[in-house]
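# prediction below, plus the sequence it came from.
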Amino acid sequence: MQQNNYVKYKKHAKNYFWVSIVSTLATLLIAVCWARGIEPFAFSTTHQTNSKIWFTIYLVFILLLSLIVIYGISVISIINIFAIKLEKLKTFQDESDEAKKAQLSAKKTAILLDVISLNKHLSYEIYQTSLQE
C-alpha cells in the first residue's frame, strides 16, 4: 500500500490546528453566555448599563477569538499549499521554464508563509521535511 506523501507535513500544522480548536470552543462558550444573558458580576448599579457593558465585552471577545480562528485556518491552508508545491517540485527532472516558474512560486509561498505564520523558520522546516522520504 502506498503511503500518503503529505502525512509528514502534519506536525507543522498541529499547533495552528489546536489554536483554532481552542478558540472555536471559547467562542462557542462566550456566545452561549451572551445568549443566556449571563453577567458574572455587575459593573454598575443599573441593569441597563450593566447589560450594555457585558454586550460590548462579549462582542469584543467573540470578534477577537474569531480572528484567531481565521488566522489558524489561513496558516494551515498556506502550509498545505506550500507542501503541495514542494512535492510538485520533486517531479521536475530538468531545468525547464515550467520548473523555474514552479520554483519561483514556491519561494513566494515560502515568504508569505513565514510572514503570516510569524515564524521565520517554518518554511525552512517544511522544506527539510520535504527532503525526507
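Perfect, I can see it now. Residues are numbered from 1 along each chain as shown.
# hmm, T24 is touching G72, no?
No. Using CB atoms under 8 Å, T24 is not in contact with G72; the gap is 9.1 Å. Any C-beta I mention is one placed from the backbone N, CA and C, and that applies to glycine too.
# and the helix-or-strand element of the chain with minimal mean pLDDT, how far from the chain's centre?
Least confident element among the helices and strands of the chain, by mean pLDDT, DSSP states H and E: helix 122-131 (a mean of 84). Offset of helix 122-131 from its chain centre (CA atoms, centre = their mean, to the nearest Å): 18 Å.
# who's more crowded, T24 and G72?
G72 (22 against 16; other CB atoms under 10 Å).
# phi, psi for the nearest residue to A99 once chain neighbours are set aside please.
Distances taken as CB to CB, 6 or more residues apart in numbering put F92 closest to A99, at 3.9 Å, once the chain neighbours are dropped. When read as degrees, to the nearest 10, the backbone of F92 gives phi -80, psi 130.
# show me where the chain has its helices.
10-36, 47-91, 97-117, 122-131 (DSSP state H).
# for N4, which of those helices is the nearest?
With CB to CB as the criterion, N4 lies closest to helix 10-36 of the helices of the chain, at 9.7 Å.
# using JSON lines, lay out the helices of the chain together with distance to N4.
As requested, the helices of the chain are exported to JSON lines (distance: least, CB to CB, whole Å):
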{"stretch": "helix 10-36", "distance to N4": "10"}
{"stretch": "helix 47-91", "distance to N4": "11"}
{"stretch": "helix 97-117", "distance to N4": "20"}
{"stretch": "helix 122-131", "distance to N4": "14"}
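# buried sites along stretch 70-81?
Y71, G72, V75, I76, I78, I79 (16 or more other CB atoms under 10 Å).
# what of stretch 107-125?
So, applying 16+ other CB under 10 Å, buried residues of stretch 107-125: T109, A110, L113, D114, S117, N119, L122, S123.
# let me see the contact set for the closest residue in space to L112 that isn't next to it in sequence.
Nearest non-adjacent residue to L112, counting by CB to CB, 6+ apart: I78, 6.3 Å away. If you count contacts by CB atoms under 8 Å, 6 or more residues apart in numbering, I78 has them with T109, L112, L113, I116, S117.
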